[in-house]
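Asker: When you get a sec, could you give me coordinates for this:
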Amino acid sequence: MSFFSKLFKLDKNTDSYSFRLERARSLHGQVIKYVTERKDDNDDVIGRGGSLALHGEHFIVDSSGERLFMCNVRDLEASNLMSGDGVVIKGPDSLRGGELRTITVHF
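Answerer: So this is what the prediction gives:
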């Protein structure tokens, strides 16, 4: 292990729980402008306003006054948009019986 990885405790394994938890923590409290989901080659707006939250073992997307997405941190995949103004979130949605969903949250 290199000096810098010991110093900053970097975990580059994106499949590890610690990486996913740290990623969820970094998104916690982020204010949402709008949320989209791709359906039939269209990006449909499914929510406006709201915020991202980490509550216990669950990552939650609240928008338009309702809960749009909830996923266990162990199954969460979150990737920043290249523009830096949002994140693509993928995982089994507990609110829809574990259906695998991919949504884009814009800040």
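Asker: For the helix or strand where Lys90 lies, name the packing helices and strands.
Answerer: Per DSSP states H and E: Lys90 is located in strand 86-93. With contacts taken as 3 or more C-beta pairs under 8 Å, 6 or more residues apart in numbering; DSSP states H and E, strand 86-93 sits against strand 58-63, strand 66-72, strand 77-80, strand 99-106. Just so you know, the C-beta spots here come from the backbone N, C-alpha and C atoms, and that holds for glycine as well.
Asker: let's see 7 Å
Answerer: strand 66-72, strand 77-80, strand 99-106 (3 or more C-beta pairs under 7 Å, 6 or more residues apart in numbering; DSSP states H and E).
Asker: would you list the ones you listed in CSV and tack on mean neighbour count, distance to Asp93 and mean pLDDT?
Answerer: CSV is the format used below for the helices and strands packed on strand 86-93 (neighbours: other C-beta atoms under 10 Å; distance: least, C-beta to C-beta, whole Å; pLDDT from 0 to 100):
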stretch, mean neighbour count, distance to Asp93, mean pLDDT
strand 66-72, 18, 5, 97
strand 77-80, 15, 13, 96
strand 99-106, 16, 5, 97
